[in-house]
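Build me a structure from this.
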Amino acid sequence: MLMGQGKKDEAEVVKAEVTSMAAELEALTVKETELSEKIDKIMRVIPNIIDPSVPIGKDDSENVEIEKFGEPFVPEFEIPYHVDIMENLNGIELDPARDTSGNGFYYLSGDIARLHSAILSYARDFMIDRGFTYYIPPFMIRSSVVTGVMSFAEMENMMYKIEGEDLYLIGTSEHSMIGKFINTLTDEEKLPQTLTSYSPCFRKEVGAHGIEERGVYRIHQFEKQEMIVVCKPEDSMAWYDKLWQNSVDFFRSLDIPVRTLECCSGDLADLKVKSCDVEAWSPRQKKYFEVGSCSNLGDAQARRLGIRIKSDDKSKGNYLAHTLNNTVVAPPRMLIAFLENNLNEDGSIRIPEPLRMYMGGKSVIEVPNK
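Numbers count the residues shown, from 1 in each chain. Model (predicted):
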């Protein structure tokens, strides 16, 4: 406009100001990116707000027993260590696995390997019969998904990074399954999404453990059947109760006594609103031990990954979903409870009715002739 009026000198001054503003805007854009990343990093280490019902405690020693299911039983004969039970059945080889892969790995073989697969197949069909959709997900995920589904501390202690690529081996299929919903907008009428997924799992399992946590209790590679729910916020606590009950029902269908244990505040991972462990009875140790964990994460994962619900009520607007996960079964750890609770005095193993169709009709695993 100034140029059109013949005011060339004034126009040049204004042009210089615009150029200066552009440079300032560019610098501020860089600064904005830096500050946004800093805010995001701070936000990701702030723990979730726990549910008021969660007991307050410093660590897992202050977790609270909720309920027991089934009668714990200790036979009159001595129960060997689980590795000895499996070796007696020619079902496990640890030394060759140490040679090929190191500590924390194993070879399963024969009827024990078949039993391992039978338990997973039964778990798959058990959850399908309860209305869950079966999935086999990717076993590797990008860092953007990893940081969306778990805290930095968990990531550092659990995940294996693939060198030279932006990929991690999953520690549980929950990671892939929740990641499936990244940056999605789901209609309310399509909720809840109830999924059950099989995968191998890979974990660093940092730290040393006692004798009962050697063998196949804490290992770097195992397989698991998982359950995942994406739902409306008002439905998440009801689904939480359904999920842990599914695990209890699964173990009780195999006549394994279990209990549920409420995780106290000091034992909750950063993103969890509420969590409980399902523990199976060990006749050998005469105590319960963890075989699964059920968690309600509220909208923490949804907020990080952009998992939103499209509301039918326009005045309400779109909103964040709630996500939950729970272990159906994780052999071979579950094998410890199974073998101990189904061991006969002669070293053979009883096969409960639900598993027999997956074991070729066998009702017992006999000790092979030496």
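
which element follows the longest helix anywhere in the chain toward the C-terminus?
For the chain, the helix reaching the highest residue count under DSSP state H is reported as helix 8-44. Going down the chain from helix 8-44, the next helix or strand is strand 64-69, by DSSP states H and E.

how about that next one: buried residues?
Neighbour-count burial for strand 64-69 flags residue 69 (criterion: 16 or more other Cβ atoms under 10 Å). For glycine as for every other residue, the C-beta is placed from the backbone atoms N, C-alpha and C.

what's it packed up against?
helix 236-253, strand 258-262 (3 or more Cβ pairs under 8 Å, 6 or more residues apart in numbering; DSSP states H and E).

Mind listing what's buried along the longest one?
Residues of helix 236-253 classed as buried by neighbour count (16+ other Cβ under 10 Å): 236, 237, 239, 240, 242, 243, 244, 246, 247, 248, 250, 251.

and if you look at the shortest one?
Residues of strand 258-262 classed as buried: 258, 259, 260, 261, 262 (neighbour count, 16+ other Cβ under 10 Å).

export these to TSV and tack on distance to residue 48 and pLDDT?
Conversion of the buried residues of strand 258-262 to TSV gives the following (distance: Cβ to Cβ, whole Å; pLDDT from 0 to 100):
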residue	distance to residue 48	pLDDT
258	27	98
259	25	97
260	21	97
261	20	97
262	16	97
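
which one of those is nearest residue 194?
Here the nearest of the buried residues of strand 258-262 to residue 194, counting by Cβ to Cβ, is residue 260; it sits at 20.5 Å.

Now for the closest one: which residues touch it?
Contacts for residue 260 (Cβ atoms under 8 Å, 6 or more residues apart in numbering) come out as 65, 66, 67, 69, 244, 248, 276, 277, 278, 279.

List the residues that contact the spatially closest residue to residue 329 that is not a sequence neighbour.
Counting by Cβ to Cβ, 6 or more residues apart in numbering, residue 329 lies nearest to residue 123, which is 4.5 Å off, once chain neighbours are set aside. Going by Cβ under 8 Å, 6+ apart, residue 123 touches 225, 250, 328, 329.

after the helix or strand residue 123 falls within, next one along is what?
Residue 123 belongs to helix 110-128 when elements are defined using DSSP H and E. Scanning forward in sequence from helix 110-128, with DSSP H and E defining helices and strands, the next element found is strand 133-135.

by contact count, what packs against that next one?
For strand 133-135, the packing partners by 3+ Cβ pairs under 8 Å, 6+ apart come out as helix 110-128, strand 193-202.

buried residues in it?
Buried positions in strand 133-135, judged by neighbour count with 16+ other Cβ under 10 Å: residue 135.

what's the nearest residue to residue 222 if we skip its chain neighbours?
residue 201 (5.5 Å).

I'd say the one you found and residue 225 touch.
No - counting by Cβ atoms under 8 Å, residue 201 stays clear of residue 225, with 10.7 Å between them.

Return every residue with contacts to both of the two.
Taking Cβ under 8 Å, 6+ apart as the contact criterion, the residues that touch both residue 201 and residue 225 are residue 330.

Of those two, which one has the most company?
Looking at residue 201 and residue 225 with other Cβ atoms under 10 Å, you find the greater number of neighbours at residue 225, namely 27 against 21.

and the strand or helix carrying the more buried one, which strands flank it?
If you go by DSSP H and E, residue 225 is part of strand 221-231. Each strand that pairs with strand 221-231, with its direction, by DSSP bridges: strand 193-202 (antiparallel), strand 322-329 (antiparallel).

Looking at the contacts of residue 123, which is nearest residue 289?
Checking those one by one against residue 289 (Cβ to Cβ), the nearest turns out to be residue 329, at 14.2 Å.

Touching, that closest one and residue 226? I think so.
No - using Cβ under 8 Å, residue 329 makes no contact with residue 226, being 9.3 Å away.

Please name whichever of the helices and strands packed on strand 133-135 is nearest to residue 155.
strand 193-202 (13.0 Å).

And the contacts of the closest one?
Applying Cβ under 8 Å, 6+ apart, the set of residues contacting strand 193-202 is 120, 124, 127-128, 131-137, 139, 160, 169-174, 176-177, 181, 186, 220-231, 328, 330.

Give me the next element, helix or strand, following the lowest-mean-pLDDT helix or strand in the chain.
The helix or strand of the chain with the lowest confidence, counting by mean pLDDT, DSSP states H and E, is helix 152-158 at a mean of 75. In the C-terminal direction, the helix or strand that comes right after helix 152-158 (DSSP H and E) is strand 160-161.

mean confidence score for that following strand?
For strand 160-161, the mean pLDDT works out to 92.

Mind giving me the packing neighbours of that strand?
Under the contact criterion of 3+ Cβ pairs under 8 Å, 6+ apart, strand 160-161 touches strand 168-169.

how far out from the middle of the chain is whichever helix or strand comes after the strand it packs on?
Sequence order places helix 173-179 as the next helix or strand after strand 168-169, per DSSP H and E. Helix 173-179 has its C-alpha centroid displaced from the chain centroid by 8 Å (Cα atoms, centre = their mean, to the nearest Å).

Give me the residues contacting helix 173-179.
Applying Cβ under 8 Å, 6+ apart, the set of residues contacting helix 173-179 from outside is 135, 137-139, 141, 145-146, 148-150, 170, 195, 197-199, 201, 224, 226, 228, 230, 301, 305, 307, 323, 325.

still on that earlier bit, now the residue nearest to residue 329: how far from residue 89?
In this structure, residue 123 and residue 89 are 22 Å apart, going by Cβ to Cβ, to the nearest Å.

Same question for residue 37.
Looking at residue 37 against residue 89, where the rule is Cβ to Cβ, the gap reads 55 Å.
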